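Visitor: got a structure for you, letters missing:
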């Protein structure tokens, strides 16, 4: 079964410094039909204006992944971490017992375009933590590159949940396949471009919940960047 969540049906708003789209209920946007999918709780697509950002704020008991699509995002947190997240990087912050952080667009001229992703952890009270790795374009071109997983397999960043996050870059006509194990589910998010998922067309900003399918076939119909979550 495949349930499509169209880009234009998402919540969010434009606040001047921030233009945001919420796939699932978040902040002032509430839709009881879209509270998340399995352990996946938030996918926010954000465009942050130059020299703007999110001031220091707290989180707890959430696995937070930031995936930058263009521009750059400066991260600082209460663990003493200071980093700049670039397109293609895999960044994970474990909020655990509590963490404070800020995210800022350091460019004076260019917006930063990113996906902010929250996964519910396997338990409460984890030690707060931070991890960031670079995943070159060549590792994602025409293949599914694992960038986040519970055990940090294949050099991915580690998350405290039975979930895997893959990224692929597809040219028109290119396709990748992913087998879903027994009792596994998937969420596919089109970050850029357009693809067909098991024959259904998905465009930029669209997502799809997948259950009771043995295999996913993702085919590029335009140049595309796609995130695939394999979920318990």
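Guide: In hand now; what should we look at? The structure presented is a predicted model; accordingly, all values stated were derived computationally and were not measured. Numbering: from 1, shown residues only.

Visitor: residues contacting the closest residue to residue 17 other than its chain neighbours?
Guide: Among residues not flanking residue 17 along the chain, residue 52 sits closest, at 3.9 Å (Cβ to Cβ, 6 or more residues apart in numbering). Where you see a C-beta, it was placed from the backbone N, CA and C, and this is true even at glycine. With contact set as Cβ atoms under 8 Å, 6 or more residues apart in numbering, residue 52 has these partners: 17, 18, 104, 105.

Visitor: Which pLDDT value belongs to the second one?
Guide: In this model, residue 18 is scored at 97, pLDDT.

Visitor: Please name the residues that touch it.
Guide: Contacts of residue 18 (Cβ under 8 Å, 6+ apart): 46, 47, 48, 49, 52.

Visitor: I figured the fourth one hits residue 20, correct?
Guide: No - the pair residue 49 and residue 20 fails to qualify as a contact (Cβ atoms under 8 Å) at a distance of 11.6 Å.

Visitor: Which ones among the contacts of residue 52 map onto strands?
Guide: Judged by DSSP state E, strands contain the following of the contacts of residue 52: 18, 104.

Visitor: Show me the shaky parts of the protein.
Guide: Within the chain, not a single segment meets pLDDT under 70.

Visitor: correct me, but residue 2 touches residue 207?
Guide: No - when contacts are counted by Cβ under 8 Å, residue 2 is not listed as touching residue 207 (10.8 Å).

Visitor: Residue 153: how many residues sit nearby?
Guide: 11 (other Cβ atoms under 10 Å).

Visitor: correction: residue 118
Guide: 20.

Visitor: Surely it forms part of a helix?
Guide: No - Residue 118 sits outside any helix when classified using DSSP: H, G, I helix; E, B strand; the rest coil, being strand.

Visitor: measure the closest residue to it other than its chain neighbours to residue 193 for me?
Guide: Residue nearest to residue 118 in three dimensions, not counting chain neighbours: residue 42, with 3.6 Å by Cβ to Cβ, 6+ apart. The gap separating residue 42 from residue 193 is 22 Å, by Cβ to Cβ, to the nearest Å.
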